[in-house]
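**Q** my questions concern the predicted model and sequence given below.
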Amino acid sequence: MTLKERIGAELKEAMRAKDQVRLDTLRSALSAFSYRKIEAGREPEDADQVEIVRKLVKQRTDSIEQFGKGGRQDLVDKETREREILKALLPPQKSDDEIRAVVRAALATLAPDQRNQGAAMKLVMPQLRGEADGNAIRQVVMEELKALA
């Protein structure tokens, strides 16, 4: 079952449950898939669908931060619920220890004078794309580079 099909099934459940926030969130995901289809001229593949949902999660996270600064707790709560609904659609993320193992292996392949954040990220990101948050990867890379210094 593709992510789009899963969202469609959950959309039906949300309609039956009369869960408006869930319904709106799932509709926004399907809408984003439609926009990508129009942009690319083809149906988004599974990896594209996951990336679209990740982007929606990031948008919600940014909104939560902005609404929090503006003192709008009602909107913070709504965006937080939407983010959790979208996160539940994503495949499980790698733990920090799993990320650390990939980072250490990548750093071992680099010459000592080439060990910097940019070079490490270039090696690690393709291996972990879709399996870990970019900020979590960056944090682990920085920690491992400090440990080597």
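**A** Here it is on my side, so go on.
**Q** quick one: the helices in the protein, in order.
**A** 3-17, 20-40, 46-69, 73-89, 96-109, 117-128, 134-148 (DSSP state H).
**Q** per-residue confidence for the residue nearest the centre of the chain?
**A** Note on the chain: the residue nearest the mean C-alpha position is residue 54, at 3.2 Å, using CA atoms, centre = their mean. Here, the pLDDT recorded for residue 54 equals 89.
**Q** got a list of what the nearest residue to it once chain neighbours are set aside touches?
**A** Distances taken as CB to CB, 6 or more residues apart in numbering put residue 90 closest to residue 54, at 6.6 Å, once the chain neighbours are dropped. Placement of C-beta: from N, CA and C, glycine included. Counting by CB atoms under 8 Å, 6 or more residues apart in numbering, residue 90 makes contact with 50, 53, 54, 57.
**Q** for residue 70, see how far away the first one is.
**A** To tie it back to what came earlier, the one meant is residue 50. Counting by CB to CB, to the nearest Å, the separation of residue 50 from residue 70 is 31 Å.
**Q** contact partners of stretch 115-130?
**A** 47, 50-51, 54, 91, 94, 99, 102-103, 106-107, 109-110, 134, 137-138, 141-142, 144-145, 148.
**Q** ok, residue 79 - how many residues close by?
**A** 22 (other CB atoms under 10 Å).
**Q** next: the one 5 residues further on.
**A** By other CB under 10 Å, 12 other residues sit near residue 84.
**Q** if I look at the residue sitting furthest away from the middle of the chain, how far off is residue 132?
**A** Largest separation from the mean C-alpha position in the chain: residue 113, at 32.1 Å (CA atoms, centre = their mean). Computed as CB to CB, the residue 113 to residue 132 distance reads 27 Å.
**Q** ditto for residue 87
**A** 14 Å.
**Q** neighbour count winner among those two?
**A** residue 132 (20 against 15).
**Q** hmm, the more buried one is touching residue 97, no?
**A** No: the pair residue 132 / residue 97 is not scored as a contact, 11.4 Å apart, by CB atoms under 8 Å.
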